[in-house]
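Engineer: When you get a sec, could you give me coordinates for this:
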Amino acid sequence: MPTTASIAKLVELTASVIPLDEEHQLVVLHAIIAILAIVLLIILLKVDPVISLVVGTMYFGIAAGLGLEKTLATIVDGFGSIMAEVGLLIGFGVLIGALLFNMGALQRFVELLLRLLGARKLPYALAAALTAVFPSIYVDVQLVLASPLARSAAPALGRRGLGIMAGSVTAGILVGYVFVVPGLGTISIAGLLDIPLAQMLGIGLVVGIVTVLLTVFVYSLLVKRGFWNPETDETGIVPEAEQNQSSSTNGGGTTAVQTRQPHLALALSPVYVPLIFIASGAILNAFNSGSAFTDFLGDPVFALFVGLVIAYVLSQFFSGRKATNSTMEDGFSTTGQILLITGVGGSLGEVISATNLADVLGGLFSANSAAPVIVSVLIAWLIAAVLHLAIGSISVAAIAASGIIGPVLAQLDVNPIIIGLAIGSGALFALQVNSNFFWMFQTMMQVTTKGALKALTFVTALASVISLLIVCLLTPFF
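Structural biologist: Reported below is the predicted structural model:
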């Protein structure tokens, strides 16, 4: 367990790399204590994550100087802003997943993939598809749509299958987010550093795919060698809709066994129709060809609502009104749990952002603008990584790092695409408890906090390091 001395040593080490005055050292110290306290409360003392998050968030806000009133106001604002951003997406997505499971669509799709690819290739195929095909989709939407599929496929991979599939989902969603156009992180970096979008598209796609495949390979090896422990890393909690479906197919008597099922292509339309809407809108906007109508169709909330309506109609027709209403009720119950923990996770991120830690890094890159290319790459990666650890948002870390580095980019003897890729790599590093995505991932993948630290925090750190090595290898060619 970390001691006060070890925490102080960490702050001292950080200060030796990044010049900090006494005020900023205290902010860094309190941020480290708050995050460690949250993790230890949940893992060692088994305190509920919502309570642990609120305790850690209040401590940090008060200790960092926000004061009692502003700390509470920031917690409320953070909860509200996250709900405004992802609340409907989560709700619609969870209900779509529940209805698809009730119709047997996800199970049949997994069976098809297993027949075509085999169990060994499935994690790679899912991760590569999430990276290369769906980066235009918000990461929250990708998680909502991919998590039921990953959980359904996990048993085919053996006892540690959920660990492998959870890591594959992490790598697939988040690597594409920072390297592949039109991922939000990628677009932001390219725009702020004036990197041609076509160049970012080609090179970023190669870096993204190689990174995700290597990450899944290395992580899978570790999982198979005991890194993942189902007893401590998985909650063992199956969503109510899936329990009902399982009991019906096994003769449990709670629900009549389905005699009619829609064609698989039709059954999966609640997933691919929203994806087509969102991707089309994002691509049109990326090339300045969008309109108010395409923006409306491509809005994730509207697109997922269309998917929910399609799923609801299909379920009514093929499963019946009673089964559909029961599934919707179970979905609402699951949604409430996810929204609460996601919102409180957003509160922590908001409180951390209110301390403006980004200015700690402001002078670092300017002071090293004449450094060799490889040093410039490492500094760009470090700035983005530290910002992500502090703020808890990949996109904000990428944007802030690009804003810090952009003004001195012309002074550097390095191609902007390399710096942009290094920023994306650093912004990916170690997504953890101060991100609302962490808590969404934990609840939707049905893993414990310890499991999320392995399948999400560790995997993003691994992908970040692997991608940094790839960027360094590319540097001599640009």
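
Engineer: where does the stretch 1-150 of the chain have low pLDDT?
Structural biologist: For the stretch 1-150 of the chain, the stretches with pLDDT under 70 are 1-22, 24, 106, 133-138.

Engineer: Let me see the ranges of the helices in it.
Structural biologist: Assigned by DSSP state H, counting those that start in this stretch, the stretch 1-150 of the chain shows helices spanning 4-17, 22-43, 49-63, 68-82, 88-102, 105-117, 122-132, 139-153.

Engineer: For the longest one, name the packing helices and strands.
Structural biologist: Looking back up the chat, that one is helix 22-43. helix 4-17, helix 49-63, helix 321-354, helix 449-452 (3 or more CB pairs under 8 Å, 6 or more residues apart in numbering; DSSP states H and E). For glycine as for every other residue, the C-beta is placed from the backbone atoms N, C-alpha and C.

Engineer: so can I have TSV of those showing mean neighbour count and distance to Ala132?
Structural biologist: Shown next, in TSV, are those (neighbours: other CB atoms under 10 Å; distance: least, CB to CB, whole Å):
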stretch	mean neighbour count	distance to Ala132
helix 4-17	13	35
helix 49-63	20	33
helix 321-354	21	27
helix 449-452	22	25
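
Engineer: Quick one: neighbours of Phe212, just the number.
Structural biologist: No, residue 212 isn't Phe; it's Val. If you count neighbours by other CB atoms under 10 Å, Val212 ends up with 30.

Engineer: Could you say which helix or strand holds it?
Structural biologist: Assigned by DSSP states H and E, Val212 belongs to helix 197-222.

Engineer: for that helix, packing partners?
Structural biologist: Using 3+ CB pairs under 8 Å, 6+ apart, the elements in contact with helix 197-222 are helix 122-132, helix 161-179, helix 184-192, helix 416-427, helix 459-474.

Engineer: Against Ala267, how distant is Ser393?
Structural biologist: In this view, Ser393 and Ala267 are 35 Å apart by CB to CB, to the nearest Å.

Engineer: Out of the helices and strands packed on helix 22-43, flag the one nearest Val465.
Structural biologist: Nearest to Val465 among those is helix 4-17; the distance by CB to CB comes to 17.1 Å.

Engineer: Quick one: closest of the helices of the stretch 1-150 of the chain to Leu214.
Structural biologist: Ranking those by their distance to Leu214 (criterion: CB to CB) puts helix 122-132 first, at 10.4 Å.

Engineer: Can you tell me what sits against that closest one?
Structural biologist: The contact list for helix 122-132 (CB atoms under 8 Å, 6 or more residues apart in numbering) reads 113-114, 117, 142, 146, 149-150, 153, 156-157, 164-165, 167-169, 171-173, 175-176, 179-180, 205, 208-209, 212-213, 215-217, 220.

Engineer: Quick check: ChimeraX command selecting the buried ones in those residues.
Structural biologist: Buried subset of the contacts of helix 122-132, written as a ChimeraX selection, criterion 16 or more other CB atoms under 10 Å:
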select :113,142,146,149,150,153,156,157,164,165,167,168,169,171,172,173,175,176,179,180,205,208,209,212,213,215,216,220
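
Engineer: for Thr294, helix, strand, or coil?
Structural biologist: Following DSSP: H, G, I helix; E, B strand; the rest coil, the label given to Thr294 is helix.

Engineer: if I pick it, what's in contact with it?
Structural biologist: 280-281, 284-285.

Engineer: Equivalent analysis for Asn434, please.
Structural biologist: Counting by CB under 8 Å, 6+ apart, Asn434 touches 35, 345, 348-349, 352, 391-392.

Engineer: Tell me the spacing between it and Gly104.
Structural biologist: Distance check for Asn434 against Gly104: by CB to CB, it reads 38 Å.

Engineer: what do you get for Ile43?
Structural biologist: To Gly104, Ile43 is 36 Å away according to CB to CB.

Engineer: Likewise for Gly185?
Structural biologist: Distance from Gly185 to Gly104, by CB to CB: 36 Å.

Engineer: Name the next helix or strand downstream of the helix holding Val212, please.
Structural biologist: Where DSSP H and E defines the elements, the next helix or strand beyond helix 197-222 is helix 230-233.

Engineer: list the buried ones in stretch 69-77?
Structural biologist: Of all the residues in stretch 69-77, those buried under the rule 16+ other CB under 10 Å are 71-72, 74-75, 77.

Engineer: Pipe these into TSV and attach distance to Ala98 per row.
Structural biologist: Listed next are those as TSV, based on distance: CB to CB, whole Å:
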residue	distance to Ala98
Thr71	36
Leu72	35
Thr74	34
Ile75	30
Asp77	31
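
Engineer: Let me know the closest of the residues you listed to Pro196.
Structural biologist: Of all the buried residues of stretch 69-77, Asp77 has the smallest distance to Pro196: 37.4 Å, by CB to CB.

Engineer: In contact with that closest one, which residues?
Structural biologist: When the contact criterion is CB under 8 Å, 6+ apart, the partners of Asp77 are Glu350.

Engineer: hmm, back to that, which residue of Gly185 and Gly104 possesses the greater neighbour count?
Structural biologist: Neighbours were counted for Gly185 and for Gly104 using other CB under 10 Å; Gly185 has more, 28 against 19.

Engineer: Would you mind listing the residues in contact with that one?
Structural biologist: Contacts for Gly185 (CB under 8 Å, 6+ apart) come out as 177-178, 394-395, 398, 424, 427.

Engineer: Export the residues you listed to TSV and append columns for distance to Val459, neighbour count and pLDDT.
Structural biologist: Formatted as TSV, those follow (distance: CB to CB, whole Å; neighbours: other CB atoms under 10 Å; pLDDT from 0 to 100):
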residue	distance to Val459	neighbour count	pLDDT
Tyr177	13	26	88
Val178	14	34	92
Ile394	13	28	87
Ser395	18	19	79
Ala398	18	29	84
Gly424	16	37	95
Ala427	15	33	94
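
Engineer: So which of those is the closest to Ser319?
Structural biologist: Distance to Ser319, by CB to CB, is smallest for Tyr177 among the contacts of Gly185, at 34.6 Å.

Engineer: wait, isn't that closest one in contact with Ala397?
Structural biologist: No. Checked against CB atoms under 8 Å, the pair Tyr177 and Ala397 is beyond contact range at 11.5 Å.

Engineer: List the backbone torsions phi and psi for Val447.
Structural biologist: Backbone torsions of Val447, given as degrees, to the nearest 10, read phi -120, psi 160.
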